[in-house]
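>>> got a predicted structure here, sequence first:
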2 protein chains.
Amino acid sequence: MNSIRLAIIDDHQVVLDGLQAMFNGYPGISIVLATTQQDELLSHLQNHEVDVALVDIQMPEINGIELCTRILKTDNSVRILAFSSFDDTHFVKQMLRKGALGYLLKNAARDVLIDAVTSVSRGERYVDEFLQKQILDESLTGERRSMYEIPLTKREREVLKLIGEENTNQEIADKLFLSLRTVETHRSNLSQKLGAKNAVSLVKEAIKRGLV
Amino acid sequence: MNSIRLAIIDDHQVVLDGLQAMFNGYPGISIVLATTQQDELLSHLQNHEVDVALVDIQMPEINGIELCTRILKTDNSVRILAFSSFDDTHFVKQMLRKGALGYLLKNAARDVLIDAVTSVSRGERYVDEFLQKQILDESLTGERRSMYEIPLTKREREVLKLIGEENTNQEIADKLFLSLRTVETHRSNLSQKLGAKNAVSLVKEAIKRGLV
DNA sequence: ATGAAACTCCGTAGTTGTACGGAGATCCGT
DNA sequence: ACGGATCTCCGTACAACTACGGAGTTTCAT
């Protein structure tokens, strides 16, 4: 049985080393690439076979979902295992929909890591136990959807973004070619959806959602 | 020559493993503790000698500066090496003032890590090269101080914090036993100091400063 | 003990955002 | 082709914040 060819990308050298160390004594997995550069990963994928890519999805300047897409565009046979300390369930679902086959939290222990990589290499979905439970809970209660998940319309997101960028309603109206009143409506809808008390809550939401 | 007794705290297991791996082949440093729990670190310090503590200063629920203080309160002979991916120079300075002897970025390579731990163990300050340069630049130009650094008075910080927590001026006045007008004054001073256009800018600042 | 900085408070006016509630136009999926 | 969601716009009244500018009182370091 061949060992699993694993490529790793993370912007922190220690994490790369930590992972190498973790997999070192384990023959079933061999690390074929460990890098901090997304270009390096992509070009590697063009020239070499890789079974699993362990991807840190919260790197500066790079959007995790975007990176996921690019990886699959380069080689759609790679199984992606997302690696993050971001535990918002909605984000997890997003990643899984965008092509990741697994989602692991950074505080995972060695055994879990090996287990996850192995599962994913076989084409099986693997989601961190904690998150699984979380998602299940949310599905059951139906109600406990994270703030994050409250769906906003495209327009609302645009407006929220501009609010976060310190525009007044009038400025937003000008930029989006809307009437002031329309912007006010969107804003009011946003406030209601997000349970926001005032501009401050809205900004915080905008930041949470990565709009700012 | 005895090897340096190093304690590590970080909330991610991989990072702990990565660090252990990095120091493994190096006899000059021996890791006496690697934990994700702050309590564990503190109780260890009470019963054992530790030369250097490598501290992840951005852990959930725990404020880096606060942790620093606690460590030194437990054993003020420990040399603290802050370990973070947060590269705001003002924050770095804060940490160094609050008792950390070194500040290292998480993307540091093995050699740098060893160098840093060794220096710090000798009581020498160690600051990440990139940050050193940054700080120097800022000192020279005098002007490029990060927004972060604009000094706020205690009251102003209190007010800014409450603004960030979604209070209206009236609510802030009530909580601090001030007149509404006073709060308005503070707010106006804050806006001026921070070049804030509106509430939104203020919140962003509050977040940057870790007040929220 | 003296002065600078910080903290406190106020008046007046004007701008911006919030809270109601109503309504036509458009897009999109079954 | 129909219905629901979305997007657009408006009236009115009120709440919250901003922009000026002025001034007395602590507090604290030299």
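Happy to help now that I have it.

>>> and residue A:197, how many neighbours?
12 (other C-beta atoms under 10 Å in any protein chain shown). Any C-beta I mention is one placed from the backbone N, CA and C, and that applies to glycine too.

>>> can you confirm it is in a helix?
No: going by DSSP: H, G, I helix; E, B strand; the rest coil, the assignment for residue A:197 is coil, not a helix.

>>> quick one: it and residue B:166 touch, right?
Yes: judged on C-beta atoms under 8 Å, residue A:197 makes contact with residue B:166 at a distance of 5.2 Å.

>>> in contact with whichever residue of chain A sits closest to DNA strand D: list those residues for me.
Residue of chain A nearest DNA strand D, by C-beta to the nearest atom of the strand: residue A:153 (2.7 Å). Under the criterion of C-beta atoms under 8 Å, 6 or more residues apart in numbering or on different chains, residue A:153 has no neighbours.

>>> repeat for residue A:69
So residue A:69 contacts A:98, A:99 (C-beta under 8 Å, 6+ apart).

>>> and what about it, helix, strand or coil?
helix.

>>> okay, it: pLDDT?
With respect to pLDDT, residue A:69 has a value of 83.

>>> repeat that for residue A:15.
In this model, residue A:15 carries a pLDDT of 90.

>>> same check, this time on residue A:166
On the pLDDT scale, residue A:166 is placed at 89.

>>> the residue nearest to it when sequence neighbours are not counted: which element?
Nearest residue to residue A:166 in three dimensions, chain neighbours excluded: residue B:200, at 4.7 Å (C-beta to C-beta, 6 or more residues apart in numbering or on different chains). According to DSSP states H and E, residue B:200 maps onto helix B:199-208.

>>> gap between that helix and the chain center?
19 Å (C-alpha atoms, centre = their mean, to the nearest Å).

>>> give me the buried positions along that helix.
B:199, B:200, B:201, B:202, B:203, B:204, B:205, B:206, B:208 (16 or more other C-beta atoms under 10 Å in any protein chain shown).

>>> between these, which is closest to residue A:116?
residue B:208 (34.8 Å; C-beta to C-beta).

>>> tally of neighbours for the residue of chain A found nearest chain B?
Nearest residue of chain A to chain B: residue A:18, at 2.5 Å (C-beta to the nearest C-beta). Each residue near residue A:18 was counted by other C-beta under 10 Å, and the total is 27.

>>> gap between it and residue A:207?
29 Å (C-beta to C-beta, to the nearest Å).

>>> ok, residue A:57 next?
In terms of C-beta to C-beta, residue A:57 sits 18 Å off from residue A:207.

>>> now residue A:14: how far from residue A:114?
Taking C-beta to C-beta, one finds residue A:14 at 19 Å from residue A:114.

>>> of the two, which one has the most company?
Neighbours per residue (other C-beta under 10 Å) separate residue A:14 from residue A:114, with residue A:14 holding more: 26 against 17.

>>> give me the phi and psi for that one.
The phi/psi pair for residue A:14 (degrees, to the nearest 10) reads phi -60, psi -40.

>>> sec struct for residue A:77, please.
Assignment for residue A:77 (three-state DSSP): coil.

>>> scan chain A for its longest helix.
Ordering each helix of chain A by length in residues (DSSP state H) puts helix A:180-194 first.

>>> tell me if that one is near chain B.
No: contact of helix A:180-194 with chain B is not found when judged by C-beta under 8 Å from any C-beta of the partner chain; the minimum separation is 11.6 Å.

>>> only alpha carbons, please: show that helix as PDB.
C-alpha atoms of helix A:180-194 as PDB (Å, rounded to 0.1, in the frame of the first residue of the first chain):
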ATOM      1  CA  LEU A 180     -31.000  58.200   0.400                       C
ATOM      2  CA  ARG A 181     -34.200  56.600   1.500                       C
ATOM      3  CA  THR A 182     -33.400  53.300  -0.100                       C
ATOM      4  CA  VAL A 183     -30.100  53.200   1.700                       C
ATOM      5  CA  GLU A 184     -32.000  53.900   4.900                       C
ATOM      6  CA  THR A 185     -34.300  51.100   4.200                       C
ATOM      7  CA  HIS A 186     -31.500  48.600   3.600                       C
ATOM      8  CA  ARG A 187     -29.800  49.900   6.700                       C
ATOM      9  CA  SER A 188     -32.900  49.400   8.700                       C
ATOM     10  CA  ASN A 189     -33.300  45.900   7.300                       C
ATOM     11  CA  LEU A 190     -29.800  45.100   8.200                       C
ATOM     12  CA  SER A 191     -30.200  46.300  11.700                       C
ATOM     13  CA  GLN A 192     -33.300  44.200  12.100                       C
ATOM     14  CA  LYS A 193     -31.700  41.100  10.600                       C
ATOM     15  CA  LEU A 194     -28.600  41.400  12.700                       C
END
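
>>> what's next to it, contact-wise?
Contacts for helix A:180-194 (C-beta under 8 Å, 6+ apart): A:147, A:150, A:152, A:155-156, A:159-160, A:163, A:169-170, A:172-173, A:176, A:196-198, A:201-202, A:205.

>>> how long is stretch A:164-177 from one end to the other?
18 Å (C-alpha to C-alpha, to the nearest Å).

>>> revised request: answer the last question for stretch A:47-66.
Stretch A:47-66 end-to-end distance (C-alpha to C-alpha) = 21 Å.

>>> buried residues in that stretch?
Quick answer for stretch A:47-66 (16+ other C-beta under 10 Å): A:50-59, A:62, A:64-65.

>>> I'd say residue A:29 and residue A:119 touch.
No: assessed by C-beta under 8 Å, residue A:29 is found out of contact with residue A:119, at 11.9 Å.

>>> please identify which of these two sits among more neighbours.
residue A:29 (22 against 18).

>>> bridging residues for that one?
Beta-bridge pairing of residue A:29 under DSSP bridges involves residue A:4.

>>> pLDDT score for it?
94.

>>> for it, give its distance to residue A:107.
20 Å.

>>> elements contacting the helix holding residue B:200?
Other elements packing on helix B:199-208 under the criterion 3 or more C-beta pairs under 8 Å, 6 or more residues apart in numbering or on different chains; DSSP states H and E are helix A:199-208, helix B:154-164, helix B:180-194.
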